[in-house]
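# sequence-free structure coming up:
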């Protein structure tokens, strides 16, 4: 089964998730700049969530690039990831409206944690789907970045009880770490292509 | 006529339907976890509807995969299905806001029932469109799962008058039954491909 | 310049237009069926608009199918059409909320009229873009359906001043007339393909 | 790495941005035409923003058409552009609701200015990505139009402090200037294709 429609559907859902968050930036009734000040925590949580959803799209893009076949289980693992991603606008709005208090900060961390789990599950399903996806397995390797992320999410959830902004600092660190795209996969795919081309060259 | 644009448009509409439901999870003004408690029926109905729309996307994907040609009638049968799917966010929100009372539960069941009817109609139009879609007809077979679903929807609508949660139990059963993707079509297509490849091999 | 991305963007916008209209079906706070009664005019205007946007998508699909090349002017003519289509959710909601009174009914007709004008303009730009799009020109012919639609829209706008539901009857007639997909283009394309295949056969 | 998925995702986000702006046209409760009068500034700012987002889509389309390869950095530069575009609905609504007063007009100009900066950055990243994108560099040339736009945005932001409508006049001038699609790229691509075809012809 091809992967194009899976990509198209995921792109659609992620595009909507990343865009509807801006609807939470409620338009102030006042035309003064001062009216924008109460919006800054919403804008800040919007920026962080925009980056997060962007990271997921980016990694999703790289991951499916290294994959050749998808099956029924993969479709569901993908929908499961999209479900958790779809809760990001909710926790973003809750966080922004309450100026980064403990409750919303913890909820934000829990949703990010579940997204990371769902992403791992999807990678796992893809790797075990068939031999054709071996390039992905090699590319992911021991997934050190993924493991550090999970630790930082849990640390952030814990720290949020002490001081909410410490929790957000932890989440922001994960974002910064991932902003560098997953060169492992990119590199692996390039190598594979070179090998194939070399192989084809040798056949001739 | 090709089927790519039909797929693209359906993917777009289904992606929006599945995502705008989250807008009904109204952000609480309170930053405490207790503020999330009144949201649980909305979250639960969101989860069920997310799974349902996911099932329709999944089956729609498998179905069109087994199809080679679409015509004007198919486009309208597809829009008809999308219309009923577009009412899912409405009944989901109504159900969630009223803690699963009789009225919304019945309405939810009626919309699910109409979606199932519209899906059958679409399958029917596809099968009767041309000889090229014969693989689909064989794959669907006697459509036992579809028939059981319709019975369970009607049972759920009836039970909702006695006890709303019994109705939801019936709808949830249908979802669980379909969570296993339609292997009949998947299997059939694989067989067809193998036959074709075998045929091509024999020709050479 | 290719037409795939034009199709993809138009599909996206039309998919969103057709889906966000359902957000106007405001969820009643009451869980009784009686609470649905005040919603019926909104539902009715939703159904009509859903059919209209569906007709535009359908015809847009058929039209671009008969086209081989697009240029800068076509992109803008297409955006112009999408602009008028994007006002359909607004007039739909205004009509539904006011139980089909004169003002909204006239506004609905004006938007439909402008959509028809924008569609004609787009067809015109496509036909004059290049020789490769000649199949479309032949297929459209004298565009009798398009002309009747415009007359009916104007009649509807006039009748709405006397009796709003007469206006809506006129608009509904246009929808029914178009529900039958544009077989002219479909037929023409099929003929072209057959000719080409015959030509290719003769060459061999 | 291919560019199709980048195009698909960008199309999705831009399609949503251009369409959700219409949700700000709040439906009046009155069925009279007089009820539409207070909406005219919102409609006017909607029209201007629709044209702006249309221009960005159009140029994005032309730009990626001249490009053959994209990399990780390009994905992020593209997301950065989409972020600033996603703020257009917010400033549009704020401007419309306040009848073009100084604060919103300045904010509108700042967002347009940032979009222009983000677009330049994306072009820059694409040109420096690899030798394959040389056609784009030649096509963009000294980017006179881009530079004039930036000057006009800054002039508009300054003029808005004196008289908001003067600011809007400046922004509208930029829109008019860009309404003529970027023929430089279009022309360049055509030339490249002709050269390639000529080259292929010569090889035979």
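Good, I have the coordinates. What you see is a predicted model; the values in this text were computed from it and never measured.

# shouldn't residue A:121 be in contact with residue A:77?
Yes - the pair residue A:121 / residue A:77 is scored as a contact, 5.3 Å apart, by CB atoms under 8 Å. The C-beta positions use only the backbone N, C-alpha and C, and glycine is treated the same way.

# Between these two, tell me which one has more neighbours.
More crowded of residue A:121 and residue A:77, by other CB atoms under 10 Å in any protein chain shown: residue A:77, with 21 against 16.

# What does that one show for phi and psi?
The phi/psi pair for residue A:77 (degrees, to the nearest 10) reads phi -60, psi -30.

# separation between it and chain C?
Residue A:77 sits 25 Å away from chain C when distances are taken as CB to the nearest CB, to the nearest Å.

# which bits of chain A sit near chain B?
Residues of chain A lying close to chain B (CB under 8 Å from any CB of the partner chain) are A:1-2, A:5, A:8-9, A:12-13, A:15-17, A:20, A:23-24, A:71-72, A:75-76, A:79, A:82-83, A:86-87, A:89-90, A:93-94, A:97-98, A:101-104, A:106-107.

# low-confidence ranges in chain A?
By pLDDT under 70, the low-scoring segments of chain A are A:1-2, A:130-135, A:138-141, A:180-204.

# Could you list every helix and strand in contact with the helix or strand harbouring residue A:121?
Element membership for residue A:121, per DSSP states H and E: helix A:102-127. Judged by 3 or more CB pairs under 8 Å, 6 or more residues apart in numbering or on different chains; DSSP states H and E, the packing partners of helix A:102-127 are helix A:40-65, helix A:72-86, helix A:88-97, helix A:134-140, helix A:144-162, helix A:164-179.

# CSV for the ones you listed, including distance to residue C:144?
What follows is the helices and strands packed on helix A:102-127, written out as CSV (distance: least, CB to CB, whole Å):
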stretch, distance to residue C:144
helix A:40-65, 47
helix A:72-86, 46
helix A:88-97, 48
helix A:134-140, 56
helix A:144-162, 62
helix A:164-179, 58
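
# Find the one among those helices with the highest mean neighbour count.
helix A:88-97 (a mean of 25; mean count of other CB atoms under 10 Å in any protein chain shown).

# Which secondary structure elements does that helix sit against?
helix A:4-20, helix A:40-65, helix A:102-127.

# Identify whichever of these lies nearest to residue C:155.
Evaluated with CB to CB, the helices and strands packed on helix A:88-97 place helix A:4-20 nearest to residue C:155, the distance being 39.0 Å.

# residues of the closest one that come out buried?
Neighbour-count burial for helix A:4-20, counted by 16 or more other CB atoms under 10 Å in any protein chain shown, picks out A:5-20.

# what separates that helix from the chain centre, distance-wise?
Remark: helix A:4-20 is offset 13 Å from the chain centroid, using CA atoms, centre = their mean, to the nearest Å.

# Likewise for stretch A:45-56?
Put simply, stretch A:45-56 sits 8 Å off its chain's centre (CA atoms, centre = their mean).

# For that stretch, give me every contacting residue.
Surrounding stretch A:45-56, the residues in contact under the criterion CB atoms under 8 Å, 6 or more residues apart in numbering or on different chains are A:14, A:17-18, A:21-22, A:24-25, A:81, A:85, A:88-89, A:92-93, A:95-96, A:100, A:108, A:112, A:115, A:119, A:168, A:171-172, A:175, A:178-179, D:76, D:79, D:83, D:86.

# Go ahead and report the secondary structure state at residue A:29.
Assigned with DSSP: H, G, I helix; E, B strand; the rest coil, residue A:29 falls in the coil class.

# For it, give its distance to residue D:143.
According to CB to CB, to the nearest Å, residue A:29 and residue D:143 sit 39 Å apart.

# Neighbour count: the two, which is higher?
A side-by-side neighbour count of residue A:29 and residue D:143, using other CB under 10 Å, places residue D:143 first with 15 against 9.

# picking up where we left off before, so which bits of the helix holding residue A:121 are buried?
Under 16+ other CB under 10 Å, the buried positions of helix A:102-127 are A:102-123, A:125-127.

# who in chain A is up against chain C?
residue A:12.

# if you set the cut-off to 10 Å instead, what comes out?
Proximity of chain A to chain C, by CB under 10 Å from any CB of the partner chain, involves residues A:8, A:12, A:15, A:16, A:19.

# Quick one: residues contacting the nearest residue to the last one once chain neighbours are set aside.
In space, residue A:19 comes closest to residue D:16 once its chain neighbours are excluded; the distance is 4.2 Å by CB to CB, 6 or more residues apart in numbering or on different chains. Applying CB atoms under 10 Å, 6 or more residues apart in numbering or on different chains, we find residue D:16 in contact with A:12, A:15-20, A:22, B:16, B:19, C:12-13, C:15-16, C:20, D:86, D:89.

# Between the two ends of stretch A:25-43, how far is it?
The straight-line separation of the ends of stretch A:25-43 (CA to CA, to the nearest Å) is 7 Å.

# Name the residues of that stretch that are buried.
Buried residues in stretch A:25-43 (16+ other CB under 10 Å): A:25, A:27, A:28, A:31, A:35, A:36, A:39, A:41, A:42, A:43.

# Next one: it, is it in contact with chain D?
Yes - using CB under 10 Å from any CB, stretch A:25-43 comes into contact with chain D via A:25-36, A:39, A:43.

# ok, residue A:115 - contacts?
A:52-53, A:55-56, A:81-88, A:149, A:153.

# what about the most centrally placed residue in chain A, distance to chain C?
The structure's chain A has its C-alpha centroid closest to residue A:56; by CA atoms, centre = their mean the separation is 2.5 Å. Taking CB to the nearest CB as the measure, residue A:56 falls 20 Å from chain C.

# cool, residue A:165 as well?
Counting by CB to the nearest CB - residue A:165 and chain C are separated by 35 Å.

# what's the answer for residue A:83, then?
Taking CB to the nearest CB as the measure, residue A:83 falls 19 Å from chain C.

# Does that residue touch residue B:18 like I think?
Yes - if you go by CB atoms under 10 Å, residue A:83 and residue B:18 touch, sitting 8.8 Å apart.

# Pull up the overlap in contacts between those two.
With CB under 10 Å, 6+ apart, residue A:83 and residue B:18 have common neighbours A:13, B:46, B:50, B:51, B:54.

# Closest one to chain D out of the residues you listed, please.
Chain D lies nearest to residue A:13 out of the shared contacts of residue A:83 and residue B:18, by CB to the nearest CB, at 9.1 Å.
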